[in-house]
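Undergrad: I'll drop the sequence and a predicted model, then ask my questions.
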Amino acid sequence: MTVWDDLVGQDRVQEQLAAAAKDADALVTAASGGEPLDQGSKMTHAWLFTGPPGSGRSTAARAFAAALQCTSPDRAMGGAPGCGFCDGCHTSLIGTHADVEVIRTDLLSIGVKETRDLVRRAQLSPAVGRWQIIVMEDADRLTEGAGNVLLKAVEEPAPRTVWMLCAPSLEDVLPTIRSRCRHLTLSTPPVEAVADVLIRRDGIDPERAHAAARATQGHIGRARRLATDERARARRAAVLKVPLRVADVGGCLKAAQELIDTSTEDAKQLAEEVDAKETEDLKAALGGVAGGRMPRGTAGAMKELEDKQKRRKTRTQRDSLDLALTELTGFYRDVLALQLGSKLAIANTDVQDSLDRIAESSTPAQTLRRIESVIACREAMDRNVAPLLAVEAMTMALRAG
Ligand SMILES: [Zn+2]
């Protein structure tokens, strides 16, 4: 076992990271102070991991963080850092290492205030480890102001600080920031490799693992959820029925409403799970509950939390709708493959009958227009068009073809 085990189908990236970890290791071992990295080193202070959703951006960053914190005695014998079982590796991988901070947001954006806190932290020397590492999973969500705060930190990093930023693509990150990062691109892992991981690591039975990997086309997280979560399977089945339901206007409107209802339900469920506890925690922290009177400043803090919870709800609903749109696109992509007699592997083999029916009753041009209308729906939501309106426009366009 090594720290790289969870990286699936990313051999080239893994090689680069392992080489960087080796240089980083030599540097820490040779120097006790704060010597800067030299130009020729494979190690650097700022990394940008890009790749399609599910390709394992944050998995790669965490594995790299673990390799940098590896304290295995084997290293001294010339072994590569990243053994996977020493304390440094292990705590980094499970998220408890004192010098590895993983920032994951469930909000639509990362603001200036949070970023300032991070930058302050990044200036510290490592407490116990070899490097002070900050992994930002959603660097594409930095507001422009926050990006500028981060820029200064990336430009003049502390000698033992490493930033690892993750984003879907280069275009999602401010040019000033990305130009200061070393860039690694992850690709969508092959379906077989994903199935393999589900079987090997998660103990999922082979048939189900293959079906989930195929249906999600190399998205590891979604494949795992599909393989393990009954509700996710039911939801996907409902989405894949939409193409058959848009035969008349009534069906279009009903299908749209249901897609919205499902996403609202998802957001509500998450809110119920976390909001109440968060509110209680904040009240307890403010210390006003027992006495009955809330101390000064309470109203402001409560308002801030409410705003955050509201933004999170919006984001959850968006993510849920986004997933449905991805599944719909996949359906029509399969239809197109059938219509063109393409050798492309069909993803949604479990709804082969529906695929055949739609493929036979429409033309490739219609299928392309349908795919475009799904993309247009996503773009409309990006422009803050009300979700129901955007989804209705889409189902109506699916009907017209
Ligand atoms: Zn180790």
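TA: Ah, there it is. Numbering: from 1, shown residues only.
Undergrad: what ranges do the strands span in this structure?
TA: 46-50, 100-103, 132-136, 161-167, 182-185 (DSSP state E).
Undergrad: Which of the ones you listed sits closest to the ion?
TA: Nearest of these to the ion, taken as C-beta to the ion: strand 100-103 at 12.9 Å. Bear in mind the C-beta positions are built from the backbone N, C-alpha and C, glycine included.
Undergrad: residues in contact with the closest one?
TA: Residues outside strand 100-103 that contact it (C-beta atoms under 8 Å, 6 or more residues apart in numbering): 58, 62, 65-66, 69, 91-92, 95, 110, 114, 118, 121, 129, 133-138.
Undergrad: Adjacent strands (with direction) for that strand?
TA: Partners of strand 100-103 in the sheet, by DSSP bridges, are strand 132-136 (parallel).
Undergrad: now the strand it pairs with against strand 46-50, angle please.
TA: Here strand 132-136 runs at an angle of 30 degrees relative to strand 46-50 (axes from the mean of the first three to the mean of the last three C-alpha atoms, to 10 degrees).
Undergrad: Can you tell me what sits against strand 132-136?
TA: 58, 61-62, 65, 68-69, 92, 99-103, 110, 118, 121-122, 124-126, 142, 158, 160-166.
Undergrad: who's in contact with the spatially most central residue of the chain?
TA: Closest residue to the average C-alpha location of the chain: residue 53 at 5.8 Å, with C-alpha atoms, centre = their mean. Counting by C-beta under 8 Å, 6+ apart, residue 53 touches 168, 219.
Undergrad: For residue 151, grab the count of nearby residues.
TA: 18 (other C-beta atoms under 10 Å).
Undergrad: Check the one 3 residues further on too.
TA: Other residues near residue 154 number 22, with proximity taken as other C-beta under 10 Å.
Undergrad: wait, it sits on residue 46?
TA: Yes - here residue 154 lies in contact with residue 46, judged by C-beta atoms under 8 Å, at a distance of 4.7 Å.
Undergrad: what is in contact with these two at once?
TA: 163, 180-181.
Undergrad: now that we have those residues, which one has the most neighbours?
TA: residue 163 (26 neighbours).
Undergrad: which of the contacts of strand 132-136 count as buried?
TA: For those, a burial check counting by 16 or more other C-beta atoms under 10 Å picks out 58, 61-62, 65, 68-69, 92, 99-103, 110, 118, 122, 126, 142, 160-166.
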